[in-house]
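**Q** Have a look; sequence and predicted model below, questions after that.
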Amino acid sequence: MTMKVAVRALRRRSPAEIIVALPVASEEAVMELSHEADRVVCLAQPPHFRALGYHYREFHQLDDAEVLDLLAKAAARQRKARDRSSGPVDRA
C-alpha cells in the first residue's frame, strides 16, 4: 500500500502529526492506516469496496515515464520556489 509506505517515510522525519486524508477506501485500508498515522479521515467507505478505480470517472494507470516526468516537474518547481525564497545575498 503506497500510502502506508509514505506515512512510514514521513514518520522518520519526526513530524508533530501525520493526518491521512482519503476520498474513498475500504474499511480494512482505513483500519490499517490508522495504525500508522495519527489520524485518518476518509469521506467514503463503501461496504463492498472492490477497487479504487471504480469510484472515479477517469482513473488511468500511469506508466513509469509519466511518473518520472511528474516527479522531475515537481522537483523543478521546488528548486524554483527555494531559489525565489532565498533571494539575493547582500554582501555589503
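**A** Here it is on my side, so go on.

**Q** By residue count, tell me the biggest helix in this structure.
**A** Ranked by residue count, the top helix of the chain under DSSP state H comes out as helix 64-86.

**Q** name the helices or strands packed onto that helix?
**A** Identification of packing neighbours for helix 64-86 by 3 or more Cβ pairs under 8 Å, 6 or more residues apart in numbering; DSSP states H and E yields no helix or strand. Quick note: C-beta positions are derived from backbone N, CA and C, even for glycine.

**Q** Check what contacts it and list those residues.
**A** Helix 64-86 is contacted by residues L62 when judged by Cβ atoms under 8 Å, 6 or more residues apart in numbering.

**Q** ok now it, how far from the chain's centre?
**A** Mean C-alpha position of helix 64-86 versus that of the full chain (Cα atoms, centre = their mean, to the nearest Å) differs by 15 Å.

**Q** Average pLDDT for it, rounded please.
**A** In this model, helix 64-86 has a mean pLDDT of 91.

**Q** For it, buried residues please.
**A** By neighbour count, with 16 or more other Cβ atoms under 10 Å as the criterion, helix 64-86 contains no buried position.

**Q** Stretch 15-24 too?
**A** For stretch 15-24, the neighbour count (16+ other Cβ under 10 Å) marks I18, V20, L22 as buried.

**Q** pLDDT check: weakest of those residues?
**A** Among these, L22 has the lowest pLDDT, at 94.

**Q** and the residue nearest to it when sequence neighbours are not counted, what is it in contact with?
**A** Nearest residue to L22 in three dimensions, chain neighbours excluded: C42, at 4.5 Å (Cβ to Cβ, 6 or more residues apart in numbering). Residues counted as contacts of C42 (Cβ under 8 Å, 6+ apart) are A21, L22, P23, V24, A25, V30.

**Q** sorry, back to before: redo the buried residues of stretch 15-24 as CSV? Include distance to V7.
**A** Putting the buried residues of stretch 15-24 into CSV (distance: Cβ to Cβ, whole Å) gives the following:
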residue, distance to V7
I18, 6
V20, 6
L22, 12
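
**Q** Turn the residues you listed into CSV, including secondary structure and distance to A6.
**A** Supplementary listing: these in CSV, determined by DSSP: H, G, I helix; E, B strand; the rest coil; distance: Cβ to Cβ, whole Å:
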residue, secondary structure, distance to A6
I18, coil, 9
V20, strand, 9
L22, strand, 12
